[in-house]
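> This is the structure alone, sequence omitted:
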Ligand SMILES: Nc1ncnc2c1ncn2[C@@H]1O[C@H](COP(=O)(O)OP(=O)(O)OP(=O)(O)O)[C@@H](O)[C@H]1O
Ligand SMILES: [Mg+2]
């Protein structure tokens, strides 16, 4: 018997360590399908670590992570990607000596996505026309904003049903920020996709999001619908 | 010095350069993808040659089947070596150091086993073609022409493989950004294993080609390996394109040094070029580009 | 009493070991065994120096046998050509090694890291045999140098034994002091956190050059003692076997652990004598040994000693509680 519409993501009591240092302490959160959720929190309190745990890049030490009802906390990252989870890291991790086109194609490396390269490529180029223009440019020579677009585009190429985006706006000019958030808004409206986004910037994401979580000292301390919270309240919670 | 000598020298430089190119590519693939420097490179090349020789003389297979069989052997040898030893070592904190010492030890073990099995006497692999071609005053063996041809075709195939296949692209991805590769769903260990196996096969192939042009002894691998080191450093560690250019440069430099200074000087010239690159441009010709 | 002894078991071990070495020639004094002991003194120093460079300073040098050979050759040549006192020649040999190595490996190494230093030092040592065969009139070429005068006329095996034992003690003391000096600490800091060490004012270049100079000087001097003890030397010193032996000693003892290389040298030097039974397979076995240690026993003997230490401490604690 399949469960009726399991949540896109369900995290329970996740602990994570770097060596001796415990970063996540029983962190829990949940995403419904097609929901956009923003995770706020002060610097260095474990937001990126949580995304890495979900993506299997830095697996959790304890706790459960379920994706569409399936436990993935012990699953190798390659398999998690294939199941439909795309992680777009803050550091971007582009293939710097390859062209934009090659980077995007590699986004569709997993077996499920390989048959849909052309389709997804068209979608990404439609979302970021700038990338289409620079298709044959080497990734190392892209500007900060462009490489952020490429990182998001590469994530979308995997045909994911759950997108984990780490600080997409960091270091971008206001215009570029708008372009990136605009694209995420488009993804939200057009695709059958859930988004978990980590952000420092508050205004844009609040407009996009359905719900908001706040992570502090490795714990999720607050959960609210985006409509019921404002910037001041979030910033206050930081201290 | 007349023009005839110079042209002959350039041709022989081109021939050895092409052999050096294929030899250096094996080293480059492993370093580029796994960041391990294969200090067992020399003996791996020699083993490729010895396997071919073995199949040729003891099993009575033809030259081509012997080579193919040897390549298959080398591939699986590489895969096994990686899975059983290098991969666990990579997970230790001191991996850079341990893998190098391990591969050194492994090289010496295999070298002396080869010595035991095949004896110290010089062995050859027969030439692919007999006869020679004469254009004007330049005379080249058909075999040597075929070597250049084989290496060029090989480089084209490798290039196609790296640029156009999923697997080759995945190898480049791992070489350029390991976390990035993981993020798009590439299994690092798998790529490492196959890259190591492939490089072992390529290195074995280079040993076969070297064995047709020069000769093989169990010890000759060290000389090949040191030449390979100089070439990959000149080209820029981990850069395939750089390694190929550097191989031809060194092939021609070696031929010129032999012509003008005498063969005794060849080895010091290698060392001199090596130190000069390290001092002036440690990143090599390719300047930090990856596979 | 028992407990106190356990706490100092390592010190007691060292004292017992040194006493044994000091008394051996007097009690038993087999000349062949004494010869093996002398080789042990020399190789223990070479391997400990190497360990200082590689294990402590983290400089991936693979050419230390070359540094050894330069000292040995220089001392032998000076002694034969000019008839100087061997003691002076040994010192000059050490200086020659220091100058060559600092110039050709140390200085370039300042700009290089990890694998590049490994390649440079390996190729440096690898080019020495070529140089030797091309300078036959001075170095004896492939045949090597023979009839190198001993340290003094009519030296006996017993005297050589104690002289090299003294060398061993002095060298190890210097290495020990270096490890615990500001230079040693600087390297520990550099190893743990490069940026933090620099913030503390550690001058990486200066420390690197210092350790290169010291290690090549000490290794070269040891080469001098070696050559005047044996009386001849040839390019085979630079062949793969001594290199392997020294690496195996370091590995066996535990890389980056102080007396580790000495313990490794005990086992390898004496073990190598048994390995001679294996004939032509000896080098293969040595290669296999190196691989096996790294795969299955990466911490070497020092790790084993730590393990015993831990056990004893626990035992001691348990006794203290129960009493
Ligand atoms: N690879 C690592 N090794 C050791 N410690 C790490 C590592 N990555 C992160 N940390 C530490 O873990 C803690 C949480 O890091 P994390 O990147 O998850 O924070 P964050 O909430 O994403 O912060 P920011 O908003 O600055 O991105 C920090 O103290 C950081 O120093
Ligand atoms: Mg972060």
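That came through fine. All of these numbers come straight from a predicted model, not from anything done at the bench. Ligands and ions are numbered 1, 2, ... in the order given.

> Just want the phi and psi numbers for residue A:209.
phi -80, psi 150 (degrees, to the nearest 10).

> report the longest helix in the chain, please.
You didn't pick a chain, so chain A it is. Longest helix in chain A, counting residues (DSSP state H): helix A:174-190.

> that answer is for a different chain, and I need it for chain C
helix C:204-230.

> can you tell if it touches chain B?
No: taking C-beta under 8 Å from any C-beta of the partner chain as the criterion, helix C:204-230 and chain B are apart, separated by no less than 15.0 Å. Every residue, glycine included, has its C-beta placed from N, CA and C.

> and that helix, what does it pack onto?
helix C:31-51, helix C:64-82, helix C:86-101, helix C:107-110, helix C:157-179, helix C:182-192, helix C:194-199 (3 or more C-beta pairs under 8 Å, 6 or more residues apart in numbering or on different chains; DSSP states H and E).

> Quick one, which of these gets closest to chain B.
Closest to chain B of the helices and strands packed on helix C:204-230 is helix C:107-110 (C-beta to the nearest C-beta; 5.5 Å).

> Identify all contacting residues around that closest one.
Residues outside helix C:107-110 that contact it (C-beta atoms under 8 Å, 6 or more residues apart in numbering or on different chains) are B:275, B:278-279, C:59, C:117, C:120-121, C:205, C:208-209, C:212.

> Please work out the average pLDDT along that helix.
Averaged over helix C:107-110, pLDDT sits at 88.

> List the buried residues for it?
Residues C:108-109 are the ones in helix C:107-110 that count as buried (16 or more other C-beta atoms under 10 Å in any protein chain shown).

> next one: stretch B:114-121 to chain centre, how far?
22 Å (C-alpha atoms, centre = their mean, to the nearest Å).

> For that stretch, could you pull out the residues that count as buried?
Quick answer for stretch B:114-121 (16+ other C-beta under 10 Å): B:114-115, B:118.

> Quickly check the contacts of helix C:107-110 for the two that are furthest apart.
B:275 and C:205 (18.6 Å; C-beta to C-beta).

> higher neighbour count, these two?
Neighbours were counted for residue B:275 and for residue C:205 using other C-beta atoms under 10 Å in any protein chain shown; residue B:275 has more, 18 against 11.

> Assess the claim that residue C:252 and residue C:301 are in contact.
Yes: using C-beta atoms under 8 Å, residue C:252 is in contact with residue C:301, at 6.2 Å.

> do you know which of the helices and strands packed on helix C:204-230 lies nearest residue C:234?
Per C-beta to C-beta, nearest to residue C:234 of the helices and strands packed on helix C:204-230: helix C:64-82, 9.8 Å.

> what sits against residue A:62?
Here residue A:62 is in contact with A:13-15 (criterion: C-beta under 8 Å, 6+ apart).

> Tell me the one of the residues you listed nearest residue C:277?
Closest to residue C:277, out of all of these and judged by C-beta to C-beta, is residue A:15, at 55.8 Å.

> Who's the closest spatial neighbour of residue A:66, skipping the chain neighbours?
residue A:10 (4.3 Å; C-beta to C-beta, 6 or more residues apart in numbering or on different chains).

> helices and strands around the helix or strand containing the one you found, which ones?
Using DSSP states H and E, residue A:10 falls within strand A:9-18. In terms of contacts (3+ C-beta pairs under 8 Å, 6+ apart), strand A:9-18 is packed against strand A:21-31, helix A:47-55, strand A:62-67.

> can you put the ones you listed in a markdown table and add mean pLDDT?
Output for the helices and strands packed on strand A:9-18, formatted as a markdown table (pLDDT from 0 to 100):
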| stretch | mean pLDDT |
| --- | --- |
| strand A:21-31 | 96 |
| helix A:47-55 | 97 |
| strand A:62-67 | 96 |
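
> quick one: which of those is nearest residue C:46?
Using C-beta to C-beta, the nearest of the helices and strands packed on strand A:9-18 to residue C:46 is strand A:21-31, at 41.0 Å.

> and the gap between the closest residue to chain A within the stretch 151-300 of chain C and ligand 1?
Residue of the stretch 151-300 of chain C nearest chain A, by C-beta to the nearest C-beta: residue C:192 (13.3 Å). Residue C:192 sits at a distance of 14 Å from ligand 1 (criterion: C-beta to the nearest ligand atom, to the nearest Å).

> What ranges in the chain fall below the confidence cut-off?
All of this refers to chain A. Counting by pLDDT under 70, chain A contains low-confidence ranges at A:1-4.

> The intended chain is chain C.
For chain C (pLDDT under 70), the answer is C:1-7.

> same thing but at 50, please
In the predicted model of chain C, residues C:1-3 satisfy pLDDT under 50.

> So which residues on it come close to chain B?
C:54, C:60, C:104, C:108, C:111-112, C:114-116, C:118-120, C:122-124, C:126-127, C:130-131, C:134, C:240, C:244, C:247, C:251, C:255, C:280-281, C:283-284, C:286-291, C:294-295, C:298.

> Go again with 6 Å.
C:108, C:112, C:115, C:119-120, C:123, C:126-127, C:130, C:283-284, C:287-288, C:290-291, C:294 (C-beta under 6 Å from any C-beta of the partner chain).

> Helix or strand: which one has residue A:196?
Applying DSSP H and E, one finds residue A:196 within strand A:194-198.

> Specify the angle between the longest helix of chain C and helix C:31-51 in degrees.
Using axes from the mean of the first three to the mean of the last three C-alpha atoms, to 10 degrees, the inter-axis angle of helix C:204-230 relative to helix C:31-51 is 170 degrees.

> Tell me which helix or strand comes right after helix C:204-230.
helix C:240-253.

> in that following helix, what counts as buried?
C:240-253.

> Show residues contacting it.
C:46-47, C:50-51, C:65, C:260-261, C:263-265, C:267-268, C:286, C:290, C:293, C:300-301 (C-beta atoms under 6 Å, 6 or more residues apart in numbering or on different chains).

> Repeat the analysis, applying 7 Å as the threshold.
When contacts are defined by C-beta atoms under 7 Å, 6 or more residues apart in numbering or on different chains, helix C:240-253 is touched by residues B:101, B:108, C:43, C:46-47, C:50-51, C:55, C:64-65, C:260-265, C:267-268, C:272, C:283, C:286-287, C:289-290, C:293-294, C:300-302.

> In helices, which of the residues you listed fall?
Reading helices off the contacts of helix C:240-253 with DSSP H, I get B:101, B:108, C:43, C:46-47, C:50-51, C:64-65, C:260-265, C:267-268, C:272, C:283, C:286-287, C:289-290, C:293-294, C:300-302.

> Could you measure from the residue of chain A at minimum distance from chain C over to residue B:93?
Residue nearest to chain C within chain A (C-beta to the nearest C-beta): residue A:19, separated by 13.3 Å. Distance, residue A:19 to residue B:93, by C-beta to C-beta, to the nearest Å: 11 Å.

> same deal with residue A:169?
Distance from residue A:169 to residue B:93, by C-beta to C-beta: 36 Å.

> neighbour-wise, which of those two wins?
Between residue A:169 and residue B:93, counted using other C-beta under 10 Å, residue A:169 has the larger neighbour count: 23 against 8.

> which residues touch that one?
Per C-beta under 7 Å, 6+ apart, neighbours of residue A:169: A:177, A:180-181, A:199, A:201, A:204.

> Next up, phi/psi of it, please.
Dihedral angles (degrees, to the nearest 10) for residue A:169: phi -100, psi 0.

> now swap in the one 3 residues further on and tell me
Listed backbone geometry of residue A:172 is phi -100, psi 150, with angles given as degrees, to the nearest 10.

> who are the neighbours in contact with it?
Residue A:172 neighbours (C-beta under 7 Å, 6+ apart): A:144-145, A:148, A:180.

> picking that back up, what angle separates the longest helix of chain A from strand A:194-198?
Using the same axes, to 10 degrees: helix A:174-190 against strand A:194-198 is 150 degrees.

> tally of neighbours for the residue of the stretch 151-300 of chain C closest to chain A?
9.
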